[in-house]
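*Asks:* The following comprises the amino acid sequence and a computationally predicted model.
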Amino acid sequence: MKKLLVVLLSILLVACSSSSNQSTTSTQDNEDKFVVGMECDYAPFNWTQVESSDTAVQISDVDYCDGYDVVIAKRIADELGKELEIKKIVWDNLVVAINQGDIDAIIAGMTDTPDRREQVDFTNPYYESQMVVVVRSDSELTNINDIQELSGYRVMGQLATLYDDVIDQIEGVQHMTPQDSYPRMVLALNEGEVDAITAELPVAQGVVAANEGLTIVEFEQGHGFEADTSVSIALAKDSDLLDPINEILSGISQDERNQMMIDATNRQPAIEE
């Protein structure tokens, strides 16, 4: 009986030691990586493609993710001395993923808002844009100059984003049910289910470049949406990465950021369902 107990105890100790070693190895591997979450479905900030390229990062056996966010993530990973890993995560699960420790950062065209700050910390902005709407080229809305001229029309934004929230600034608007991805919004507009969709200017430019029947409406100063259209990197609360990433971002000039976005817009695939 004593021999059996000794044998069982030895097996238990070996198992615990093995488990501890595996845990240590896993932690070490993670320390060597900068793991970033994004939709890979929000061109030109991020998108999925099947071809390898100098700017894309592999996310599965057959898919790659590319875009402005990927280029920014690569720059940060390189300067941190880490290997970049990108996880494709649906928008609503990004904050959950970072709070569960599945990723180190969200680089996904996310705006710093008070509600989000209750759950995560944000870096300084890494891109600033303006808010516009996209309409069909044959629409009577192509020449409007004020968002209130959208009153009575069907306007759609992306689910759980600022671009859906601001629609209620339009008096009398038909606020359509938001979609969880931008390609679905574009499809709804092309098929006449809505009259306009909200967008950041770079996203709108990509949509229009890929869809001949669509056009961008920009608003005169003081007549557009009241919203912060800058985007920042989200980190876990009290993350040690906040100061290093802000320092890295401060070393990227505005001209360089603009060129990164122009390049991303030029190489993005067509936005379609």
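*Replies:* Yes, it's here. Numbering: from 1, shown residues only.
*Asks:* any idea how far Gln158 is from the nearest residue to Ser181 once chain neighbours are set aside?
*Replies:* For Ser181, ignoring the flanking residues on the chain, the nearest one in space by C-beta to C-beta, 6 or more residues apart in numbering is Asp41 at 5.2 Å. (Each C-beta comes from the backbone N, C-alpha and C, glycine too.) Between Asp41 and Gln158 the distance is 10 Å, computed by C-beta to C-beta, to the nearest Å.
*Asks:* Quick check: neighbours shared by those two?
*Replies:* Shared contacts of Asp41 and Gln158 (C-beta atoms under 8 Å, 6 or more residues apart in numbering): 181-182.
*Asks:* for stretch 135-145, what is the average pLDDT?
*Replies:* Across stretch 135-145, pLDDT averages out at 97.
*Asks:* Flag every buried residue along it.
*Replies:* Buried residues in stretch 135-145, counted by 16 or more other C-beta atoms under 10 Å: 135-136, 139, 141, 144.
*Asks:* what sits up against it?
*Replies:* Outside stretch 135-145, the residues that touch it by C-beta under 8 Å, 6+ apart are 133, 149-150, 153, 189-190, 192, 195-196, 212-215, 217, 219-220, 223.
*Asks:* Show me the shaky parts of the stretch 51-200 of the chain.
*Replies:* Within the stretch 51-200 of the chain, no range satisfies pLDDT under 70.
*Asks:* That one: helices as residue ranges?
*Replies:* Remark: helices assigned in the stretch 51-200 of the chain by DSSP state H, counting those that start in this stretch are 68-80, 94-99, 114-117, 162-165, 182-190.
*Asks:* Output those helices as TSV; include the columns distance to Trp47.
*Replies:* As requested, the helices of the stretch 51-200 of the chain are arranged in TSV below (distance: least, C-beta to C-beta, whole Å):
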stretch	distance to Trp47
helix 68-80	9
helix 94-99	16
helix 114-117	23
helix 162-165	17
helix 182-190	9
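*Asks:* between these, which gets nearest to Thr123?
*Replies:* helix 68-80 (9.5 Å; C-beta to C-beta).
*Asks:* Report all helices and strands that the closest one contacts.
*Replies:* With contacts defined as 3 or more C-beta pairs under 8 Å, 6 or more residues apart in numbering; DSSP states H and E, the packing partners of helix 68-80 are strand 33-38, strand 57-58, strand 83-88, strand 105-110, helix 242-250, helix 254-267.
*Asks:* Any idea how many residues pack against Ala196?
*Replies:* 26 (other C-beta atoms under 10 Å).
*Asks:* partners of the longest strand along the chain in the sheet?
*Replies:* In the chain, with assignment by DSSP state E, the single longest strand is strand 121-128. Here strand 121-128 is paired, per DSSP bridges, with strand 230-235 (antiparallel).
*Asks:* Tell me how far the partner strand lies from the chain's centre.
*Replies:* The chain centroid and the centroid of strand 230-235 are separated by 9 Å under C-alpha atoms, centre = their mean, to the nearest Å.
*Asks:* repeat for stretch 111-121
*Replies:* Centroid separation between stretch 111-121 and its chain, computed with C-alpha atoms, centre = their mean, is 14 Å.
*Asks:* Just the endpoints, please. Distance across that stretch?
*Replies:* End-to-end distance for stretch 111-121: 11 Å, by C-alpha to C-alpha, to the nearest Å.
*Asks:* Equivalent analysis for stretch 196-204, please.
*Replies:* For stretch 196-204, the end-to-end distance is 11 Å (C-alpha to C-alpha).
*Asks:* any idea how the protein splits into domains?
*Replies:* In the domain annotation for the chain, the residue ranges read 28-128+230-267, 131-217 (automatic domain parsing).
*Asks:* How far does the last one stretch from one end to the other?
*Replies:* The first and last residues of domain 131-217 sit 10 Å apart, counting by C-alpha to C-alpha.
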